[in-house]
Each structure stands twice: as structure tokens, then as C-alpha cells.
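Engineer: I would like the atomic coordinates for the input below:
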Amino acid sequence: MDEKAKAQFRWKFYHLTVELNIIILLIAMSIPAFIIIQSPVTIPLIIVMLAIALVLLLDFMKKYRETKAWLDDNADKEKEQKEEHES
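Structural biologist: Alright, predicted model coming up:
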């Protein structure tokens, strides 16, 4: 993988990691919020947090598949380039 592709992969991986951490935090924070906060606003707050987590999860899955396909494509290109140089 050339340097440009490595830099792209680092950015894609970083973005996916941050997005996944946000999803996990939203879900994890909704449980203590339900238990600790006794207010009429609690349930709507939890629903909003879980809805945001769901939207981010769908976006994460889409970007994960795109990144995986991109990575597989770059790996195939690298194999082809090595085979051409060896011939």
C-alpha cells in the first residue's frame, strides 16, 4: 500500500473508531440515565439518545462496508502491482 493509501486508511479508520465510540457512549449513558434520573424528561431523553445511536450505527455500518471494500480493492491492486514487477 502506498503512502497516500495508508494516509487515507488512517483517516477512515480514525473516523470509524470515533463514530463507534460515540455510539457505545450514547448507549452506555442511557442506562444510568434511566436508573439515576427520576424526571418526566428522562424517557424522552433516553429515546433521543438511542435514536441518535441508531442513526450513527446505520451510518457506521455503511462506512464500514465502504472502507472494507476500499481496503480489499487496494490490496488487490497491490497484489497486481507486485505480480507485474516480478514478471
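Engineer: where does the protein have low pLDDT?
Structural biologist: For the chain, applying pLDDT under 70 flags the ranges 1, 87.
Engineer: now do the helices in it.
Structural biologist: Assigned by DSSP state H, the chain shows helices spanning 3-36, 42-86.
Engineer: export those to CSV and tack on mean neighbour count?
Structural biologist: Placement of C-beta: from N, CA and C, glycine included. Formatted as CSV, these follow (neighbours: other CB atoms under 10 Å):
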stretch, mean neighbour count
helix 3-36, 13
helix 42-86, 12
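Engineer: in the protein, which residue is closest to the centre?
Structural biologist: The chain has residue 16 as the residue nearest its centroid, 2.9 Å off, counting by CA atoms, centre = their mean.
Engineer: for that one, give me its contacts.
Structural biologist: Shown in contact with residue 16 (CB atoms under 8 Å, 6 or more residues apart in numbering): 60, 63-64, 67.
Engineer: at 10 Å what do you get?
Structural biologist: Counting by CB atoms under 10 Å, 6 or more residues apart in numbering, residue 16 makes contact with 60, 63-64, 66-67.
Engineer: check the gap between residue 46 and residue 34 for me.
Structural biologist: 6 Å (CB to CB, to the nearest Å).
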